[in-house]
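Chemist: Got a sequence here, can you build the structure:
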Amino acid sequence: MSPTLHSPLKIGRHQLAHRVVMAPLTRMRASEPGAAPAALNAEYYGQRASQSGLIISEASQISWQGKGYPRTPGIHSDEQIAGWKAVVDAVHAKGGVIFMQLWHTGRISHSSHRSDRSLPVSASAVAPAGQAFGAAFERLPYEQPRALETDEIPGIVADYQRAARNALAAGFDGVELHGANGYLIDQFLHDRTNRRTDRYGGSIENRARLLLEATEGLIEVCGADRVGVRLSPFGAVGDIADSDPAALFGHAIEALSARRIAYLHLIEPRANAGIRDGLNLAAPASVTALFRKLFDGPLIASGGFTKQSAEAELITGNADAIAFGRAFIANPDLPHRFAIGAPLNTPDAGTFYGGGERGYTDYPALVAEGVA
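Modeler: Okay, the predicted model is just below:
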């Protein structure tokens, strides 16, 4: 019998009651200064929790160096740990499971986010096209990043490990390494952004080294069954590209499979990761279909799915769970709505980034607290 969105699924050490996953969603509503979650954030996550349902938190920077947007939360200070603890407690009170997504934005940043005005860092000194979000939400030209020195890279891995320890201290059930959408890990993977000649550049094996070292560092802290990894093969978000993405991601995914992580999370590139409107028709129709056979473990797919297309994806066996983004923004009780075939609220794109309660905690639910 084929699985449905409401079939149980084991991910790592967690038995999920359904396969409707809340995708990591940048909302830019952390407190400033301090980049710590506050009571409003705990309310938002608590609204979207369900019994034995998986939430992946919004991307959270592992250091001030990793911050790339205004009012995004971190996981590198005591204040941030305390703020996240309230979020986790709200999710656990509803019986939910929550992983924290760990983030270093690399070159997709701006010096205005750091008190010392230091430049963003990357694999190489290659500036992205487009504009950055400055610290005051203003749009500014991207700066040319500084290439990380070889002897700095172990410190980046150590920052990921520290962030994972902090996430566990806040009560998170696991962590997800953000290796997608043109951020630092992705910048090392792709040859458009990685021009290095050291052990982190050149061959596919070298360019995948930071991804795998960071993953191994998280496994050391959390255990493999509490570590997920998100990738965006063939993605173009963040002005990213590679000369042979099939070989690059085939190698990376096989290597992650060998490390027995809790899950692999793949973004379908045609939907532009939900960040840009329109379809990326240059990308393959389905990266889960391309790479499913290379990963021996639960695979989460995300990127523009509806209930109907999600159910169809599960039937193919190419994915084991589906992560929803915009639908979860507007429907705090999304798993329940899917279960009963109820209509969905329409998300207000104008309130996605920044602001307060409007477009964040004021979307109506159909039912009272405690719905699975």
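Chemist: quick one, helices of the stretch 1-150 of the chain?
Modeler: Ranges of helices within the stretch 1-150 of the chain are 39-48, 78-93, based on DSSP state H, counting those that start in this stretch.
Chemist: Against Ala262, how distant is the closest residue to His14 other than its chain neighbours?
Modeler: Leaving aside its sequence neighbours, His14 sits nearest to Val97 (CB to CB, 6 or more residues apart in numbering; 5.0 Å). Heads up, the C-betas are built off the backbone N, CA and C, glycines and all. Distance, Val97 to Ala262, using CB to CB, to the nearest Å: 11 Å.
Chemist: Buried residues, stretch 34-47. List them.
Modeler: 35-37, 41-47 (16 or more other CB atoms under 10 Å).
Chemist: Let me see the mean pLDDT of it.
Modeler: For stretch 34-47, mean pLDDT rounds to 98.
Chemist: for this structure, longest strand please?
Modeler: strand 97-103 (DSSP state E).
Chemist: related to what we said a few turns ago, run a quick neighbour tally on the residue nearest to His14.
Modeler: Using other CB atoms under 10 Å, Val97 has 25 neighbouring residues.
Chemist: what's the answer for Ile329, then?
Modeler: 24.
Chemist: I'd say it and Pro347 touch.
Modeler: Yes - contact status for Ile329 versus Pro347: in contact at 4.9 Å, counting by CB atoms under 8 Å.
Chemist: Could you list which residues are in contact with Leu334?
Modeler: Neighbouring residues of Leu334 by CB atoms under 8 Å, 6 or more residues apart in numbering: 20, 22, 48, 324, 327-328, 344.
Chemist: Selecting buried members of these in ChimeraX, what would you type?
Modeler: Selecting only the buried entries of the contacts of Leu334 in ChimeraX, with 16+ other CB under 10 Å as the criterion:
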select :20,22,48,324,327,328
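Chemist: between the contacts of Leu334, which is closest to Glu176?
Modeler: In terms of CB to CB, no member of the contacts of Leu334 lies closer to Glu176 than Met22, at 11.8 Å.
Chemist: nearest spatial neighbour of the closest one, skipping sequence neighbours?
Modeler: Nearest one to Met22, counting by CB to CB, 6+ apart, is Ile55 at 4.2 Å.
Chemist: mind checking pLDDT for the one you found?
Modeler: 98.
Chemist: for Glu369, same thing?
Modeler: The model's pLDDT for Glu369 equals 45.
Chemist: Likewise for Ser2?
Modeler: 87.
Chemist: Now it: phi and psi?
Modeler: Main-chain dihedrals, Ser2, degrees, to the nearest 10: phi -70, psi 140.
Chemist: ok, and the nearest residue to it once chain neighbours are set aside, which helix or strand is that part of?
Modeler: Leaving aside its sequence neighbours, Ser2 sits nearest to Ile315 (CB to CB, 6+ apart; 4.6 Å). Taking DSSP states H and E as the criterion, Ile315 maps to helix 307-316.
Chemist: And that helix, what's buried?
Modeler: Buried, per 16+ other CB under 10 Å, within helix 307-316: 307, 310-311, 313-314.
Chemist: Check stretch 244-261 too.
Modeler: 245, 248-253, 255-257, 261.
Chemist: now swap in stretch 121-132 and tell me
Modeler: 121-124, 126-128, 132.
Chemist: and Ser286, what does it touch?
Modeler: Ser286 neighbours (CB under 8 Å, 6+ apart): 268, 318.
Chemist: that older thread, take the buried residues of stretch 244-261 and keep only those in helices.
Modeler: The helices, defined by DSSP state H, take in 245, 248-253, 255-257 from those.
Chemist: okay if I get those residues as JSON lines plus distance to Gly66 and pLDDT?
Modeler: Listed next are those as JSON lines, based on distance: CB to CB, whole Å; pLDDT from 0 to 100:
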{"residue": "Pro245", "distance to Gly66": "25", "pLDDT": "96"}
{"residue": "Leu248", "distance to Gly66": "23", "pLDDT": "98"}
{"residue": "Phe249", "distance to Gly66": "23", "pLDDT": "98"}
{"residue": "Gly250", "distance to Gly66": "28", "pLDDT": "98"}
{"residue": "His251", "distance to Gly66": "25", "pLDDT": "98"}
{"residue": "Ala252", "distance to Gly66": "21", "pLDDT": "98"}
{"residue": "Ile253", "distance to Gly66": "24", "pLDDT": "98"}
{"residue": "Ala255", "distance to Gly66": "23", "pLDDT": "98"}
{"residue": "Leu256", "distance to Gly66": "21", "pLDDT": "98"}
{"residue": "Ser257", "distance to Gly66": "27", "pLDDT": "98"}
